Each structure stands twice: as structure tokens, then as C-alpha cells.
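1. I need the structure of the sequence given here:
(chains A and B)
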Amino acid sequence: MTSLRAETSVADLPTVTFGQRSLMWWGTLGFMVIEGWTLALLLVSYLYLRQSVIQWPPAPSQSPALLMPSINLALMALSVVPAVVVARAGGRLDAPAVKRWLVAHSLIGVAILILRWWDFQSLGVRWDANAYGTAVWMIVGFHTSLLLLDVLDTLGLTLFFFVRRQPVKSFSDAADNSFYWYFTVGIWLPVYLIAYVGPRVI
Amino acid sequence: MSALGNSTIDGGALAPEAMAQDAGALERTWSTKPGVWGWVCTVDHKVIGRRYVITAFAMFLAGGIEAALMRTQLARPENGFLGADRYNQIFTTHGTTMMFLFAVPMMTAMGLYFVPLMIGARSVAFPRLNAFGYWTYLVGIGLLYVALLTNHAPDTGWFAYVPLSETLYAPGHRVDVWAQLVTFTEIAALCAAVNIIVTVFKMRAPGMSVNRIPLFVWAQLVVAFMIVFAMPAVAAGSTLMLAADRAIHMQWFIPARGGDVLLWQHIFWFFGHPEVYIIFLPALGMVTPIVETFCRRPVVGYGAIVMANIATAFFAFGLWVHHMFATPLPELGDSLFTAASLVIAIPSAVQIFCWIATMWTGRPRLTVPMLFVLGFLFTFINGGITGVMLASVPFDRQAHDTFFVVAHLHYVLLGGGVMPLFAGLYFWFPKFTGRLLRNGLGKWHFWLFLIGVNVTFFPMHILGLDGMPRRIYTYLASTGWGPLNLLSSLGAATIAISVIIFLVNVVLSWRGGAVAGPNPWGASGLEWATASPPPPYNFAYPLIVSSAHPLWDAHAALPVATGLRTDRREVLTTTTFDARPDARHSSPRESIWPFYLALCMGVVFIGSIFRPYWVLIGTALSLAGLFGWGWQSTRPIERERIALPNGALVERT
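-> Model prediction:
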């Protein structure tokens, strides 16, 4: 056995940490970059297809309707509020507040998912009609898959908080869940601007 | 016995009895359960890493067999050994296997095995994600090889150009197999990349600041970032575009409906060119510790090599259009990409000069790993020079789609990827198995491999310049290409013999080779500070590092940190730049969920080839897996010390 010399002890270090001190935060950030970059490539592909035709959207497709997507956009902006409150309550280990606001977060998440149906309807084109339809459906669809995953994660976390004595690490997980939610909401903004507003201006 | 280990802090040597007691407790805590269940559920990065290496090497053999079949077919003009259709399937499967199932997984596997050992960590950051990545990769292999054996293998080349790969020209499911196989390997690679990044950022030994990170780990870190930005492109291209065009009539690449076939080439090569460096940089990372160890001195230009790695990664994303010089792109764009393709030779040259300087000023010992390093320098430089030639648009337009390109890419990949890999396998085999590979057989392997590679691929330069196109299953005798093709096929047979010698060496040495001990080469890295093979917990105590060559610079007993628990799986995390001890994190036990979720991915992606509703079924099945995974993560632990975001430290039971 190699000869070893004890120089310091790490026994007093914390076993639960938040944010950048937590491994899960970094892992979450890694997958945000991957998913965000995939979405960026889809958006660039949309713009690439745009530059090879004169009329956009190509006839007979019409520009998407804006009413329902704008309402959903406002709801998504609003959903950041419970996410922030959950993250802050998690940082205080305040279980009743985390539970309460996780329920609010879950409900608003489900509402956004339901409204997403009308986001697709508002596109006014089928995915197989032309390359424009393909691109917008894929962009909105890809974001929807991330949204679905995040809502399921939020629902699962909420369930865990209610059905068992929550370990302390779950408070850090709740904060990381909010962190991922900010990302899901944040990347919707370029999607909204390019897929819904874009055809009117580019 | 104390759960925090038996040792006390007095700055003195640890008592052997206390160390033995801690080692026993750690062995119980970190060991994988025996039997099939334990085999499936293990999250030990070394077990998974070794499994990954063996599987990837099996894929190298499979790709090699396909190459041998192709060389047999091309050995003489108008040969009837393989028909056109079978030949198309085999060359596509060969390229796909070598790029997606051998080279990238092999390089990430070496990282997943060695990065934690080299940085003094007990595990990777996300052990279950690691297991999930491996199983996903294995499902992908199953898909491709079942397809090959049932005559359904992809047949449109490893880059599956549209419109050839669209339903109109490629009906049936062959291309779908390719598109979904790519998805599996991308998921596996991305899981590995995130794991490596977070492990290197947060789990380095105390004192291993960024300027003391081993150069192999630097290479793995840079490549992990490249994977994060390159792989989403091919995942988007193959799954969200090509497979969607074929399965649900999307129109990405259908010009009649506003689609664009060149979009596929842009997306594919935005991934495809960095892919070469994703294979090549880890291989270069293996060269440095080997050169250092066998020249008995630290490498010349540590900082220059780190910067060269980073520069290569940046430039690698600016070259993709040189694969598209034969398409109608603007001349100005071509010039820009020519310049970038020339510039990237500079950081590679910087690394090569650093190794030459190290050898020049050291005392080189020509061991088998060193022979492979020298073989790499010779072969790779040749491949690099033809790469510079191909960066020139006028030359590229002549050589495009000819055997000259085949010669170039094999010199680069075999010279720059496989030779350093063999060097690394000889160097680290003792760490994997506890035994040394035999020297005599190793030298036979090296010389036959070096000769075989050059005899196989050098004639292809001449054949290409003479106009022989790639991907033809036969040619007329009147072309005059027969003799050089025969020579090339004889070279391929030589490579095959050399690889068989390697396999024999592995089997003999694994069973009865010389026992290696912890550090048979007298190397300087932390992986040599633990037993060979390492125990399940890697290191009983985190080593404290105060130089880039800790084992060479330690004059007396190695300094360590105590206080990690021995009764539950616990890892030390450190700060990102300075590697100051920051926290103790729990690490997960065995889990069935990675395996289960990989099977669900199989249902989603393989099912989607046949009916879109399988996506929904697979997704629904995976919900149970996600729930189980999350439930296991949140199992309560009796007592925690919590660092709150406001800086306070509290205890909770």
C-alpha cells in the first residue's frame, strides 16, 4: 500500500449544496446547452430555407395567427413567478412554501401545455404541406417536447414532496427544476419571434 | 468504526491498520453486487468504461471484417465476390461502424474510465447517466447489426446524402436504420460529454488547479465541449429532419416543396468535420503521458498543448464547407473555408513539435507504446499533408469522390486515431487488468500494423489521382487499377494479421501476463497511485495535488484529505478553477433504471421506423423509468449538513 500522509479533513464540508456548488446544477446546465443549441440549429435551418424563396410563407400558406400564442407567451412569462418563489423557498428549506408553490407551478405548466394545442393550430399550415410548414412544426414541436419534459418533472417533484418525507437534497432539486424552467421559458421567446412574428417581417 | 474513516488529522502518516479498516469498509460500500442483477445495474465507471472499451473494440473488429470483405471484392477487376447491393450495405455499415460505433465511443470510453482516476475522484459526476449512455449505445449496435444480418442494412453511405437517402430513391427501412442508429450513438455521446465536463469541473483532487490538469484530461474536456456543440447537429439532421421526412412526410429536403438538399450537407458536416477532431484530440491526449513517461521528463510546452487543443476545437467548427467544395457555393465562402482548413494544421503542428522537443531533450525508451507513438507521428503527418492538399479548392475538385480522399481519411484516422489508441491500450492495459501486455508480440503487432496501413492506403493516393472513384463495387481490367488494388488488399490482410496478434496478446496476457503493480512504468499521473486494477472506490482518500506530475514530485508520503464517509457512497467536490475542497456529495448505488430507460429509448426510436405511435408507447413506458430514477435519487439520508444559498451552514436530520 502506498504511504499516505493526512494533511487535511473534509469531514466538516456540507453534504447538500445549491446552485453552482451542486453537481446537478451543472448537469442541468449541460443539457440546457445541448437542447438550446439543437433548437438554435433548427431556427437557423428555418432561416436558411427562407432565403431560397421569394414569398414567405410560400403561397397558399398564411402567416400564423398571433392571438393565442401571445396569450400563452404571457402565461409563460407569468409562470416564472412560482418558479422563482419555489427556488427561493427551497433555499430556505421552507417545505410548506415549496409545496404550495410547486402546486401553482404545476398547474400553470399544465395550462401552458393545454394552450400549446392552439399554438399549433395558429400556425395555419400542416407539417407536410411544404418546407415552411415542416420547419415551423418541428421548431414548435421540439420546444413542446422540452416543455412536456419539464412539466412532468415538476409534477413528479410535487408528488415526491407530498407523498414522502422529503430529504434535504430535494430542496436543491426544486431550485434546479426552477432553473430549467427559466430556460424553457427563455428559449420560447426566439421561437415566438421567429415562428409567429417572423413571417410578417422577414 | 467511525463512518467518517478511522484516520485522524495530525499531518503524520496514516496508520496501516486504520487504512486497512477504511479500505474494507469502502470495499463493502462501493462494490457492485454479484450476479446478473449486479452486472446489469452497476454504475461503477470502471466497469462501464471497460465494457465500453471492449464493445467499441468489438465494433473495430466488425468494421475491420467489413473492410476485409470490401478489399477482397476489389482485389481484382470484375470480381463477383460481393454483388453491388451487398457492397453498398457493407461500405455503409463499415463507415457507420467505424465512425459512430468504434471511434467516438472508444475515445469517450477511455475518458469515462480514466478521467476520474487521473483527477483523483472516486467516480464520475453522474454514474447512472453513464450506465444509461452505455446501454443506449448497445441498443444502437443491436439495431445496425440485426439489420445487416437480415439484408436491411443502410446502403447510402455513412453520410446518407439526400436526395439519395429520401424515400423516393431509398424505399424500405434501410436508411431509417441508419438515421435511428445515429440517434442512439448521439444520445450516448452527449451523456458521456456532460458527465466528463461536470466531473472535470467539479471533482478534481484538491489542489489540481486548471494549470495542473493532466493533458489527457484536458483533451477529454475540450472534446466533451465539441461533442456538446457538434452532436446536436447530426441528431437534428438525422432524427428531426431525415427520419421525419421519411416517416411523416416532412419536407426539409424535398426541393419541389421548398426544401433544400444542401441543407443536409451543411447540417451533417457541421457535425461531421468536428467529429474527426473528436476522435483525434483524445488520441493526442494519450500521446502526451506516454511521451512523458518514456522520455522521463515533463512534456515541453504544457500551456501550448492546452491552447492547441482549444484552438483546434474552435477551428474544427469552421471547416465543414471543405467537404462541399464540389457543390455550387459562393467562391468567397470557399476561400474562407480553405483558409480555415489550412490554419487548423498549425495547432496540430504545435503539439507535434512539443512532443519532438520532449523526445529530443529526454531519454526515450522504445517500448511498444512509444513505437506506436512514433508510428502515429509518421502516418498522421502524411495524412495531414494530404489534408492540406485537399483544402485547396482546385485540387479538391479533381480529387473529390476518388480514392485519394479514402487514402487521406484513413491515414488521418488510423494514423491519428488508432495508432495512439493502441499506444494507450499498451500503456494502460496494466491499469485495466493488473497485468502487462507481452513485449515481443507487441512489437510484431506494431510493425505489421505500420506496414499494413501504409501498404493498404498509400496505393489509394495513386489510384485516386488516376481517377478511381470511391464506392464502386468493381472496375474493368482495362482501367489498369488491378495491380495497385491487389497490393492494397494484401496490405489489408497484413493489418488483419497484426490485429489478430494483438488479440492473442490480450488473451494470453490477461490470463497469465506479468503482474504489473500500481505503477509499472514509473509514470507521474494519479491513476498510477492506486492499485491495478483499481478498487471500486478508486482512492480511499482524496489525494492532494501540488504539481502537474504528482507522483514524480512527491518526495515522501503522498498527502491526502480524510473525512469522506466510508459507510455510504460519497465523493468530494471541489471549486471549478482552484480545486479547493467544497462539498461532500452522495453518489448513487446500483440502479436498474438506466438499463430500463435505454430499452424504452429502443422502443421509441426503433418503433418509430415502423409506426409513429411507438414513439408515444415508448415515451409512456419511459415515464415509469423516470419516476423510478427520481424516486431513487430522493431517498432520505439520516443527517445532512446544508450550505444554504445565503452562505449559512445548517444541519438537518
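2. going forward, measure contacts and count neighbours with C-alpha atoms only.
-> OK.
3. buried stuff in stretch A:20-29?
-> A:21-27, A:29 (16 or more other C-alpha atoms under 10 Å in any protein chain shown).
4. Which of those residues fall within strands?
-> Among these, none falls in strands (DSSP state E).
5. which of these come close to chain B?
-> The subset of the buried residues of stretch A:20-29 within reach of chain B, by C-alpha under 8 Å from any C-alpha of the partner chain, is A:21, A:23, A:26-27.
6. and residue B:571, what element?
-> Secondary structure assigned from DSSP states H and E places residue B:571 in strand B:570-574.
7. Give me the residues contacting that strand.
-> Applying C-alpha atoms under 8 Å, 6 or more residues apart in numbering or on different chains, the external contacts of strand B:570-574 come out as B:121-123, B:202-206, B:542, B:564, B:580-587.
8. Repeat that for stretch B:53-61.
-> Outside stretch B:53-61, the residues within contact range by C-alpha under 8 Å, 6+ apart are B:97-98, B:101-103, B:105-106, B:109-110.
9. now with 10 Å?
-> Applying C-alpha atoms under 10 Å, 6 or more residues apart in numbering or on different chains, the set of residues contacting stretch B:53-61 from outside is B:47-52, B:62-67, B:94, B:97-110, B:112-113, B:134, B:137-138, B:141, B:418, B:425, B:496, B:499-500.
10. Buried only: go through those residues for me.
-> Once neighbours are counted (16+ other C-alpha under 10 Å), the buried part of the contacts of stretch B:53-61 comes down to B:47-50, B:52, B:62-64, B:66-67, B:94, B:97-110, B:112-113, B:134, B:137-138, B:141, B:418, B:425, B:496, B:499.
11. if we can go back for a sec, need the buried residues of stretch A:20-29 in TSV (columns: pLDDT).
-> What follows is the buried residues of stretch A:20-29, written out as TSV (pLDDT from 0 to 100):
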residue	pLDDT
A:21	96
A:22	95
A:23	96
A:24	95
A:25	97
A:26	98
A:27	97
A:29	98
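12. Under the pLDDT cut-off, which ranges of chain A? List them.
-> Along chain A, the parts satisfying pLDDT under 70 run over A:1-2.
13. what about the helices in it?
-> Applying DSSP state H to chain A gives helices spanning A:23-50, A:67-91, A:95-123, A:131-163, A:169-191, A:198-201.
14. Adding distance to residue B:234 as columns, could you present the ones you listed in a markdown table?
-> Converted to a markdown table, the helices of chain A look like this (distance: least, C-alpha to C-alpha, whole Å):
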| stretch | distance to residue B:234 |
| --- | --- |
| helix A:23-50 | 9 |
| helix A:67-91 | 30 |
| helix A:95-123 | 26 |
| helix A:131-163 | 15 |
| helix A:169-191 | 21 |
| helix A:198-201 | 26 |
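15. pull the longest helix from chain B.
-> If you go by DSSP H, chain B has its longest helix at helix B:261-295.
16. buried sites along that helix?
-> Buried, per 16+ other C-alpha under 10 Å, within helix B:261-295: B:262-295.
17. ok, now how distant is the residue lying closest to residue A:133 once chain neighbours are set aside from residue B:475?
-> Spatial nearest neighbour of residue A:133, excluding adjacent residues (C-alpha to C-alpha, 6 or more residues apart in numbering or on different chains): residue A:127 at 4.6 Å. Using C-alpha to C-alpha, to the nearest Å, one gets 44 Å for the distance from residue A:127 to residue B:475.
18. So between the two, which is more surrounded?
-> Per other C-alpha atoms under 10 Å in any protein chain shown, whichever of residue A:127 and residue B:475 has more neighbours is residue A:127, with 20 against 17.
19. Contact partners for that one?
-> A:133-138, B:245, B:248-251.
20. now the angle from the one helix or strand residue B:182 maps to to strand B:570-574?
-> Element membership for residue B:182 (DSSP H and E) is helix B:174-202. Put simply, helix B:174-202 runs at 70 degrees to strand B:570-574, going by axes from the mean of the first three to the mean of the last three C-alpha atoms, to 10 degrees.
21. Distance from the chain centre to helix B:174-202, please.
-> Taking C-alpha atoms, centre = their mean, to the nearest Å, one finds the center of helix B:174-202 at 10 Å from the center of the full chain.
22. for stretch B:80-98, same thing?
-> Worked out by C-alpha atoms, centre = their mean, stretch B:80-98 lies 24 Å from the chain centre.
23. likewise stretch B:602-612?
-> Centroid separation for stretch B:602-612 versus its chain: 27 Å, with C-alpha atoms, centre = their mean.
24. now stretch B:290-307
-> 22 Å.
25. what about it, average pLDDT?
-> The pLDDT scores in stretch B:290-307 average 97.
26. list the helices and strands the helix or strand that residue B:374 is a member of packs on?
-> Per DSSP H and E, residue B:374 falls inside helix B:368-390. Helices and strands touching helix B:368-390, by 3 or more C-alpha pairs under 10 Å, 6 or more residues apart in numbering or on different chains; DSSP states H and E, are helix B:261-295, helix B:331-343, helix B:345-361, helix B:393-399, helix B:403-410, helix B:419-433, helix B:439-465.
27. swap the cut-off to 8 Å and go again
-> helix B:261-295, helix B:345-361, helix B:393-399, helix B:403-410, helix B:419-433, helix B:439-465 (3 or more C-alpha pairs under 8 Å, 6 or more residues apart in numbering or on different chains; DSSP states H and E).
28. residues in contact with the residue nearest to residue A:31 when sequence neighbours are not counted?
-> Nearest non-adjacent residue to residue A:31, counting by C-alpha to C-alpha, 6+ apart: residue B:194, 7.5 Å away. Shown in contact with residue B:194 (C-alpha under 8 Å, 6+ apart): A:27, A:30-31, B:224, B:228.
29. Just put these in TSV and tack on distance to residue B:215.
-> Below are those laid out as TSV (distance: C-alpha to C-alpha, whole Å):
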residue	distance to residue B:215
A:27	23
A:30	22
A:31	25
B:224	14
B:228	20
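30. quick one on the thing from earlier: right, is the longest helix of chain B up against chain A?
-> Yes. Against chain A, helix B:261-295 shows contacts by C-alpha under 8 Å from any C-alpha at residue B:263.
31. quick one: that helix to helix B:345-361, angle?
-> Put simply, helix B:261-295 runs at 10 degrees to helix B:345-361, going by the same axes, to 10 degrees.
32. Tell me how far helix B:261-295 lies from the chain's centre.
-> 9 Å.
33. do the same with stretch B:643-653
-> Relative to the chain's own centre, stretch B:643-653 is displaced by 40 Å; criterion: C-alpha atoms, centre = their mean.
34. With stretch B:495-505 instead?
-> 21 Å.
35. thinking again about what came up before, downstream of the strand holding residue B:571, the next helix or strand is which one?
-> Using DSSP H and E, the helix or strand that follows strand B:570-574 in sequence is strand B:581-586.
36. List the contacts of the residue nearest to residue B:462 when sequence neighbours are not counted.
-> What sits nearest to residue B:462 in space, not counting adjacent residues and going by C-alpha to C-alpha, 6+ apart, is residue B:404, at 7.1 Å. Contact analysis of residue B:404 by C-alpha under 8 Å, 6+ apart lists B:460-465.
37. what separates residue B:404 from chain A, distance-wise?
-> As judged by C-alpha to the nearest C-alpha, to the nearest Å, residue B:404 and chain A stand 32 Å apart.
38. quick one: that residue and residue B:465, what's the gap?
-> From residue B:404 across to residue B:465, the span is 6 Å (C-alpha to C-alpha).
39. same check, this time on residue B:260
-> 32 Å.
40. Can you pick out the residue with more neighbours from those two?
-> Higher neighbour count among residue B:260 and residue B:465: residue B:260, with 21 against 15, using other C-alpha under 10 Å.
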